[in-house]
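Chemist: sequence plus the predicted model coming up.
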Amino acid sequence: MATDHRRKRAATVEVVQRYRRPARWFHAGIYVSVLIVAFTGWWLLAGQEGRASPLAVLAGMPDISLHKLVGWILAGLGLAGVLAGARGVPSFVSESARLRRSELGWFVRWPAAVFTGRFGWHQGRFDPGQRFLNITLILGLVVLVGTGAGLVAVHGGPTFVVLALVHKWTTYPVTGLIAGHILVASGVLPGYRGVWRSMHFGGRLHASVARRLWPAWSRDSLERQPEPGEGTHD
Ligand code: HEM
């Protein structure tokens with residue numbers, strides 16, 4: 001009886017596909033490795049090199065080795081993702097780098113909208129805040145991975161000192177961006193409730209959430225959605 005009721009409800013809830021399986025697995029791989037690298041990096045930065053962190057104990061290696069190993073995995077994943085998704089890269093970049101005058105109001109309404117859900121209008125797949133995150137976070141991660149690789153390759157001298165400084169000072173803004181992204185994308189803030197579904201499990205979220213966050217994109221994609229029964233394959 002309860003199952004019937006749930007099934008009926010699921011059939012009437014309008015959903016929209018946001019991310020497909022390859023993008024979701026890529027995102028998960030990046031975030032697991034970024035979280036490990038960030039945790040071990042902060043552990044070392046806090047002067048705990050002499051004590052093994054819980055992650056290092058779990059991995060059976062010192063924090064610095066784990067930090068470097070997962071750093072290489074992150075670099076490899078990033079490169080593989082760019083190569084495998086090469087066709088999507090230009091549109092991701094152009095969607096993220098564009099800001100129209102008519103979208104400036106989005107920023108004005110944003111602080112309140114985080115709580116009320118009444119976001120300003122914007123075009124495109126990403127809201128202006130996501131576009132800012134896409135560019136700054138990806139650039140930040142590229143700098144961290146690049147300077148990290150440099151630190152492994154160079155042994156001492158002025159280049160090492162500069163690389164170490166850039167690596168360390170990039171850590172602070174990137175940590176802030178990641179914390180902000182997790183806060184927003186987890187959906188704990190009322191305005192962003194339900195958004196986490198776009199990147200997890202089936203990558204489908206309620207159409208009402210999509211309309212609230214990405215009005216133009218949701219209108220276009222709802223028009224393209226298959227009829228019920230046609231099925232949406234990941
Ligand atoms: C820690 C490293 C992480 C990195 C580097 C990262 C990076 C990204 C990037 C670049 C995007 C692209 C679109 C956008 O700007 O929203 C994205 C989307 C997304 N992320 Fe993350 N992410 C991380 C962690 C997480 C975590 C822990 C969650 C869990 C809640 C999460 C949930 C999401 C969701 C739901 C989206 C899709 C938003 C949409 O539908 O546009 N992310 N992430």
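Modeler: Looks like it arrived, so ask away.

Chemist: kindly report the residues of this structure close to the ligand.
Modeler: By the rule C-beta under 6 Å from any ligand atom, the part of the chain lying against the ligand is 18, 27, 30-31, 34-35, 126, 130, 133-134, 137, 178, 181-182, 185-186, 195-196, 198-199. All C-beta atoms are positioned from the backbone trio N, CA, C, and that covers glycine.

Chemist: buried set for the longest helix anywhere in the chain?
Modeler: If you go by DSSP state H, the chain has its longest helix at helix 157-185. Taking 16 or more other C-beta atoms under 10 Å as the basis for neighbour counts, the residues of helix 157-185 that come out buried are 163, 166, 167, 170, 171, 174, 177, 178, 181, 184, 185.

Chemist: quick check, nearest of the residues you listed to the ligand?
Modeler: When the buried residues of helix 157-185 are compared for distance to the ligand (C-beta to the nearest ligand atom), residue 185 comes out closest, at 3.3 Å.

Chemist: that older thread, pull the distance from the next helix or strand after the longest helix of the chain to the chain's centre.
Modeler: If you walk from helix 157-185 toward the C-terminus, the next helix or strand you reach (DSSP states H and E) is strand 204-206. For strand 204-206, the gap between its own C-alpha mean and the chain's C-alpha mean amounts to 17 Å (C-alpha atoms, centre = their mean, to the nearest Å).

Chemist: quick check: what element follows strand 204-206 along the chain?
Modeler: Downstream of strand 204-206, the next assigned helix or strand under DSSP H and E is helix 207-213.
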